[in-house]
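**Q** can you look at this prediction? I've put the sequence above it.
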Amino acid sequence: MELQAKQKVKPKFELFDFLYKYGTILTIFILIGIFSAANSSFIQGHNIVNILRSISIVTIIAIGITISLAVNGFDLSVGSVASLSNAIVISMFVWFSQNTLVAIVSALAASIVVGLFNSFLIVKLKIPDMLLTLAAMFIIQGIALTYTKGATISENMVMPDGTFAEGKISPLFTKIGQVPWIIIIMVLAVAAVHIFLTYTKHGRYMYVIGGNLEAAKLSGIPVSKYKIWAYVLSAIFASIGGIVLASRVMTAEINAGSPYLMDSVAAAFIGFSVLGSGKPNAIGTFVGAVLIGILQNGLVMMSVPYYSMDIVKGGVLAFALGLTYYRQRH
Amino acid sequence: MMRLEMKDISIGFPGVKALDRVSFTAETGKVQALIGANGAGKSTLMKVLSGAYSHYTGELHFDGKQAAIRTPRDAASFGIQTVYQEVDTALIPYLTVGENILVTHEKAFINWGLLHRKAEEILKSIHVNVPSKKLVQDLTLAEKQMVLIARAISTECRFLILDEPTAPLSHTETQELFRIVRDLKKKDVGVIFISHRLPEIFEICDQITIMRNGRLVSNHEISQITQNEVIEKMLGEKLVEQFPSRKSSIGEKMLEVRGLYDQEKIQDIHLHVREGEIVGIAGLVGAGKTELCKTLFGHTRITAGEVLLKGRNLNLKSPHQAVKNGIALVPEERRKEGVLVEEAVSVNLSAASLGQFAGGLSFLDFKAERGKSGEIVKSLGIKTPALETKVKNLSGGNQQKIAIGKWLLADADLYIFDEPTKGVDVGAKKDIFDLIAGLAGRGKAVIYASSELTEIMGVTDRIYVLYDGRTVKELETRKTNEEELLFYSTGGN
């Protein structure tokens, strides 16, 4: 606080500092203003709930990426993990007539295995994070496809032997993907990881490792252990995302989780610039997801065709990254 | 002859006024020394000259004509080249020497034969014997530095800034560098030489500029001033005895090392350290001091031999275990290994002992963290605007104090210091010596590894000389002298 008081060197810098800190949030409010002006139903309650619901899965997956980014890693396999979890959950109900608990636990267990696989190869064989998780992305995607035999799993589907699948998805499970639970789960995930990263020893260690691996090691921090944890947690959140997705669509389409990867990465990186933190953080990731969600929702309302949407999304990401990295250089 | 003048240069950064109306002159064909304590503003001044900053105020003149330098490109157009201390950041390791030298001025198509011929020519012109086709990653640090100098003079170079060039060099390598500097002088290049080593400055420089706290103190012909006068002007006070006088009370055996080997460098190390004792590890650059320190800290794998702490066999597999067993290491490469430059002062100070600030469910007690870090900042005299200041904004000496300070909070039994005064000014050095003496006074065991033999003589009780990865000699400090240390360090027996 004392330092900031002394920072008044030139007015030009102050304006930039302001933009750096509040640019992302400002953008959100400006967008809300524009969209509301264009279509008054944008700001109505049910549409806000709609937006929150639509960003829930992206946010949950992005929260996992945030943890991997905190240790200066990068988990690209989250989309595939979400697909796999989606397939496992639905198949447990439909193929094996299991209850909700078994279905969810199986999906989470599979994701933990993936997390351990990722971290083992990264920590022990020292394969660069992004390359390894890229490989893992393909592997897991392939496993999910092989498991479903390349078909969509749904209730009453036709099995290879010509009979119909008998299992039903439990009504309890369908609640997860509906308002309010889908939003509550998202908020809980954001809050839990925010508290974890900001207020606990473990979170601090993760940031320290992300900041300078060698210094962290030489400070006596068990670096490998935390990296393993980061990738396991990342996979677990991806899996939760996949489970919520399963509950929302009630089927397991092939590669259903993949489209969420890029939006989640974008949300996590936009998060760097929120409130000028300059590093991965849970609240920022949430704000990033909100920004993307508002854009998507608003542009649909303004009848921008879906195929042009990515131009805007990419533009916003470039803007947020610009804020973060311009500041780091100067 | 050409004359460079910097007039009334001022520059500020968030929270700090780094330069305050500093004037500086240099001439081609002369070696100009620039000296000052850490944080005096030497590097900042030279960065202004080399175009790294654009927001300074003041004027630059070449031969009386005003010049504007706001970007590195501007600086290059005036023939100003810099060789920074961190040579690795400026070179591309997987390219050849020739490519690195001529990297910036090649045409669209590369004529390989011509490139290597040209590079060889440049290297020959400063009598450096490095093959142009060798990969840079296979060079020694000293050779890399020479490649950088060759790159600098491959352009129209009028002024060459050498920022602490001798810090990582051995004695022979330093002499080699000085020969090149003398060659450059003959070629009418002006050399600006930044160093903390006074004897070197008096050996090679013609003129000296002294700075303190972002201000110019004075300019002198080197023949008109003595080393002690320079130190007084640097510190702004009379030079007091550098090394602390202390009475060592030596207790039980803390550490014992028997026949230790690592995978490559360390061979058959035997040593022991007692409570309250400061044991020096003397040796030249490349003798294996850093490797030994890191092996004792569990960072490199032990292939044979054993390490006993308080009589217990430690089978260290990681620094994490070392810290748990009460060992602390202040590593040599401060910015790379010692501190987290992007984090706040308090985060750095608590990094090695976060457990004591974590309560139930590992929640951090921020108030206690602030309190304890504040105490360390005060007791070590760390100059920082606030506890939240990022460490990258502090000077080298203060960063080193933070690297040490985090281990004071962690409260270890055995402290290992690897070149703790590297790149640290005289004033901060004294603080560090006092601190180390204080640790020993509290019954801690201390290992002090350094190639600065004067320091080893000044602070230790007992010395092991390391040569080529082996402990070749054990000496008692009060029964030996620097000459004897140098004799064993250079392989004599």
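**A** Here it is on my side, so go on. Numbering: from 1, shown residues only, chains lettered A, B, ... in the order given.
**Q** which residue does chain A have closest to chain B?
**A** Residue nearest to chain B within chain A (C-beta to the nearest C-beta): A:Gly220, separated by 2.7 Å. From N, CA and C alone the C-beta is placed, and that goes for glycine too.
**Q** do you know the pLDDT at that residue?
**A** Per-residue confidence (pLDDT) for A:Gly220: 91.
**Q** which residues belonging to stretch A:312-321 are considered buried?
**A** Using 16 or more other C-beta atoms under 10 Å in any protein chain shown as the test for burial, stretch A:312-321 gives A:313, A:316-317, A:320.
**Q** quick one: it to chain centroid distance?
**A** 17 Å (C-alpha atoms, centre = their mean, to the nearest Å).
**Q** with adjacent residues omitted, what lies nearest to the closest residue to chain A within the stretch 301-450 of chain B?
**A** Closest contact between the stretch 301-450 of chain B and chain A, by C-beta to the nearest C-beta, is at B:Val323 (2.7 Å). Excluding its sequence neighbours, the residue lying closest to B:Val323 (C-beta to C-beta, 6 or more residues apart in numbering or on different chains) is A:Gly220, at 2.7 Å.
**Q** please tell me I have it right and that neighbour contacts B:Gly326.
**A** No - using C-beta atoms under 8 Å, A:Gly220 is not in contact with B:Gly326; the gap is 10.4 Å.
**Q** hmm, back to that, around the residue of the stretch 301-450 of chain B closest to chain A, how many other residues sit close by?
**A** B:Val323: 24 surrounding residues under other C-beta atoms under 10 Å in any protein chain shown.
**Q** could you point out which element follows whichever helix or strand it is part of?
**A** Taking DSSP states H and E as the criterion, B:Val323 maps to helix B:319-324. Per DSSP H and E, the first helix or strand lying C-terminal to helix B:319-324 is strand B:327-330.
**Q** helices and strands around that next one, which ones?
**A** If you count contacts as 3 or more C-beta pairs under 8 Å, 6 or more residues apart in numbering or on different chains; DSSP states H and E, strand B:327-330 packs onto helix B:289-296, helix B:396-410, strand B:414-418.
**Q** at the geometric centre of chain A, which residue sits there?
**A** The residue lying closest to the centre of chain A (C-alpha atoms, centre = their mean) is A:Ala62, at 1.6 Å.
**Q** contact partners for that residue?
**A** By C-beta atoms under 8 Å, 6 or more residues apart in numbering or on different chains, the residues touching A:Ala62 are A:263-265, A:267-268, A:271, A:285, A:288-289.
**Q** tell me where the model's unsure across the stretch 1-150 of chain A.
**A** A:1-14 (pLDDT under 70).
**Q** can you pull out the helices in it?
**A** For the stretch 1-150 of chain A, helices defined by DSSP state H, counting those that start in this stretch occupy the ranges A:2-6, A:11-38, A:45-70, A:78-94, A:100-123, A:129-147.
**Q** hang on, B:Glu232 is in a helix, isn't it?
**A** Yes - membership of B:Glu232 in a helix is supported by DSSP: H, G, I helix; E, B strand; the rest coil.
**Q** any idea how far it lies from chain A?
**A** Distance of B:Glu232 to chain A, given as C-beta to the nearest C-beta, to the nearest Å: 31 Å.
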